[in-house]
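> Provided below for reference: sequence and predicted model.
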Amino acid sequence: MAVNRQLNLLGQQRIDVPHIRSLESAVCYDFDAVALMVTGGLPCVVNGFDVGNYNTVVGTLATNLIINTANSRIIHPLASDSGSFFQVPANRAAETITTNNPRIKGAWAAGTVNYVGVDLLRTADATTATTVRFVTTNPDTETSKYVPLARTMDYVITISTVPFSVTPSICPLLIVTTDTTNTITAITDARNLLFSNFSGGDSPSLNNPFGWPGGRGKPTGFTALTAGDKSIKSLNQFVSAVSTRFQELGGGEFWYSLTADRNVRMTQGGPFFTSNGESFEWDGTNLHWKSIKFVFDNSTSWLNEVADQTVDSAGLTDLAEGECIYVDLDRSSNHTVAGSNSLVAQKAILATLGGSAVPGQRWVIANRLNNQIFVKDQSYPVGSAFSLATISHAGVIRTTINANGTISDPVAVGLADSISGNYTATCGGVSHNNDLGISTLLSAADIIIGRGNSAGDQNVIIKTDTSGTGTTINGQGDINHPYLTVKKGTGFNTTNSTILSLDGVCNLEGTRAWSLNTINVMPLAPVLGDAIGSTVKYFCKQTKTWKQDVQYVATTLDGNWSYNSSNQILTHAVNVNYSPDGVGVVLGDRILVDAPGSYWNGIYVVVSAGDGSHYTVLQRTVDAGGPASATLLGWGYDLFDGSAVYVQSGSSYSGKSFVLIAEQKAGSVVLDGTQINTWGLTDGVTADQWCVMWSSGDYTVIATGPDYTVSLS
């Protein structure tokens, strides 16, 4: 029944037709109120009412226009009849917009703009007609009549030359332009779609960002009542506000575009300013720029070039502290200098920069900070002077390459070899080798270490002594088989076709996957006598692996507990609140069960705390071997020797820690109810251990690193 208005009925009161109609009217009012909360008063199409021949109707007579209405839904709080919510039956045939159609009101006007919309009206429904009895003026007599029992709502499609804004009872659908012969020359979607940031009505727009009427700054004074999201008054406005924010973050052509602002790049190509070899130059007052381009992804276009500004311009290049230059990108079309439509940068104050008409398209090119200019994607200021690199600090290397990229003369840079007297490193196009062979002149862009052909050195060797047992970086193979070999000896395997070879140390275990395997040379003597020749692996672990804290420790379990091994649940068959260590549990508490001789020991979470009418139920946690741990965590039951946990509460064990005591063997912890797993008190000291695992699954600690203390509180 109705919410806002209810019928005031009294005992023995006669009920007549107006009373029943008032009930229906009250219900309709409630739906109108809900519709206003959803749409804010804007007539919205939820789905449907689209053009069935949209791709072919332009260029044909307007009477050929077809609108699909089956299963369409609208919310129209300002319709001619109340109720607001309407869904078209699923079996409704498509509507041809002609005057012969009884659901069409109005007619096409030639040579002008036609506004096509929809209204909601109720009429007596002949399909509901039946015989009913009417009381006559003659007492105790009645007459029969065949009349409809219901007045049902249906849509009426209207055609008018009057804009939608003048007729609020019309929900906009289309704007159709015709020529003098009533042939369609243009058709525009004018629907206000509930879940779209597209705006319809008189002036449809593909991007309709939320206007934030209360502003987006810090609320002050009277604006504190309307600032920010306080200005959102309906679900429709909320959808608009959220999609606007999404578009600002993603920076796409539309709010739903498959884009990310991290893929927007500002490039600085040539030619550069000769004053500093950069795309920007700053004289302390004016900033100039040239050769600036923006590239971006997943849009109608991909390139926006910025117009060069190489001379001073008052109000643009004269940046004050905290000011910047920016452009608003246009993802709908490419903008280039060659096409005479490049973007023109503007100046603004960073603190009040604002946003673009299409959300997320405003990009700061450069800004002034402390009399320096910082540009997008560059960490150092424009015109930075760097010191030369030395053996004591980082810097730059001085070359003979000028700002235009030309080289005056090839130059060899390196240290003279004490034996041959020649340079052992080369750049700038000249190769020097300590075999005293004929130098090879390369192109100006090449830098080579070694000769690069059969006349000279073919291997670059990095070694620790003259015996040839150091590290060797070996040859290049060919373009299809590059390789790097780190070897024990001095041999050079020029037929090696693997990407990376660690001879005598690692073996290949699958395509381009390397790991320690089958090692016969160990860094320490093996503890077990059968180690030599067996398959072993080295690994590093911590003496303790800390689990999420528990609230209490249960050191006893009475006879009322039962264990379900399939879902690893402990149930206490008494309707009381469970109180381990003197404190009653609550839902979500983590409990360490460590009862002597119990097969059920481990870490549990409270899924039912128990009370006067419910059992206490505990289930193993996912991080300690509970159900789905293998699926969720990517490995099996996550419990092994050294698993530790800190206790937060309880009368006996608050502030203490426990560790699982188990064999040093893979798979030694079993949680199927056949093995007793014991936990013991411990401290927060943890150390790194280097271990060797044998083919049997056992492992041996061969070295223990420095201790460190884990903060447990």
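Received, thanks.

> which parts of the protein are helices?
Applying DSSP state H to the chain gives helices spanning 17-39, 235-250, 629-633.

> quick one: buried residues of the longest one?
So the one you mean is helix 17-39. 26, 27, 28, 29, 30, 31, 32, 34, 35, 36, 38, 39 (16 or more other CB atoms under 10 Å). Heads up, the C-betas are built off the backbone N, CA and C, glycines and all.

> of all the residues you listed, which comes closest to residue 622?
residue 38 (40.3 Å; CB to CB).

> identify the residues contacting that closest one.
44, 75, 194, 234, 235, 236 (CB atoms under 8 Å, 6 or more residues apart in numbering).

> hmm, 6 Å instead?
75, 235 (CB atoms under 6 Å, 6 or more residues apart in numbering).

> then the one 4 residues further on?
Listed by CB under 6 Å, 6+ apart, the contact partners of residue 42 are residue 192.

> do residue 328 as well
Taking CB under 6 Å, 6+ apart as the definition, contacts of residue 328 comprise 356, 361, 362.

> go again using 10 Å as the cut-off
By CB atoms under 10 Å, 6 or more residues apart in numbering, the contact list for residue 328 reads 304, 343, 345, 346, 355, 356, 357, 358, 360, 361, 362, 363.

> and residue 267, by the same measure?
Counting by CB under 10 Å, 6+ apart, residue 267 has contacts 279, 291, 292, 293, 294, 295, 303, 305, 377.

> turn the contacts of residue 328 into CSV, including pLDDT.
Formatted as CSV, these follow (pLDDT from 0 to 100):
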residue, pLDDT
304, 97
343, 97
345, 97
346, 97
355, 93
356, 93
357, 92
358, 93
360, 94
361, 95
362, 96
363, 97
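
> filter the residues you listed down to the ones in strands?
304, 346, 362, 363 (DSSP state E).

> give me the buried entries from those.
Counted by 16+ other CB under 10 Å, the ones in strands among the contacts of residue 328 give 304, 362, 363 as buried.

> in CSV: these, plus distance to residue 104.
Formatted as CSV, those follow (distance: CB to CB, whole Å):
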residue, distance to residue 104
304, 46
362, 46
363, 49
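
> hang on, the earlier thing: let me have the buried residues of helix 17-39 in JSON lines, extended by distance to residue 596 and pLDDT.
Output for the buried residues of helix 17-39, formatted as JSON lines (distance: CB to CB, whole Å; pLDDT from 0 to 100):
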{"residue": "26", "distance to residue 596": "70", "pLDDT": "90"}
{"residue": "27", "distance to residue 596": "68", "pLDDT": "91"}
{"residue": "28", "distance to residue 596": "72", "pLDDT": "91"}
{"residue": "29", "distance to residue 596": "71", "pLDDT": "91"}
{"residue": "30", "distance to residue 596": "66", "pLDDT": "92"}
{"residue": "31", "distance to residue 596": "67", "pLDDT": "93"}
{"residue": "32", "distance to residue 596": "70", "pLDDT": "92"}
{"residue": "34", "distance to residue 596": "63", "pLDDT": "94"}
{"residue": "35", "distance to residue 596": "67", "pLDDT": "94"}
{"residue": "36", "distance to residue 596": "68", "pLDDT": "93"}
{"residue": "38", "distance to residue 596": "63", "pLDDT": "95"}
{"residue": "39", "distance to residue 596": "67", "pLDDT": "94"}
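
> picking up where we left off before, and which of the ones in strands among the contacts of residue 328 is nearest residue 176?
Closest to residue 176, out of all of those and judged by CB to CB, is residue 304, at 34.3 Å.

> residue 350 versus the closest one, what's the distance?
21 Å (CB to CB, to the nearest Å).

> ditto for residue 165
Distance from residue 165 to residue 350, by CB to CB: 38 Å.

> ok, back up a step: filter the contacts of residue 267 down to just the buried residues.
For these, buried by 16+ other CB under 10 Å: 279, 291, 292, 293, 294, 305.

> take the contacts of residue 328 and write them to a markdown table, including distance to residue 595.
As requested, the contacts of residue 328 are arranged in a markdown table below (distance: CB to CB, whole Å):
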| residue | distance to residue 595 |
| --- | --- |
| 304 | 70 |
| 343 | 73 |
| 345 | 74 |
| 346 | 74 |
| 355 | 63 |
| 356 | 66 |
| 357 | 69 |
| 358 | 66 |
| 360 | 60 |
| 361 | 65 |
| 362 | 65 |
| 363 | 64 |
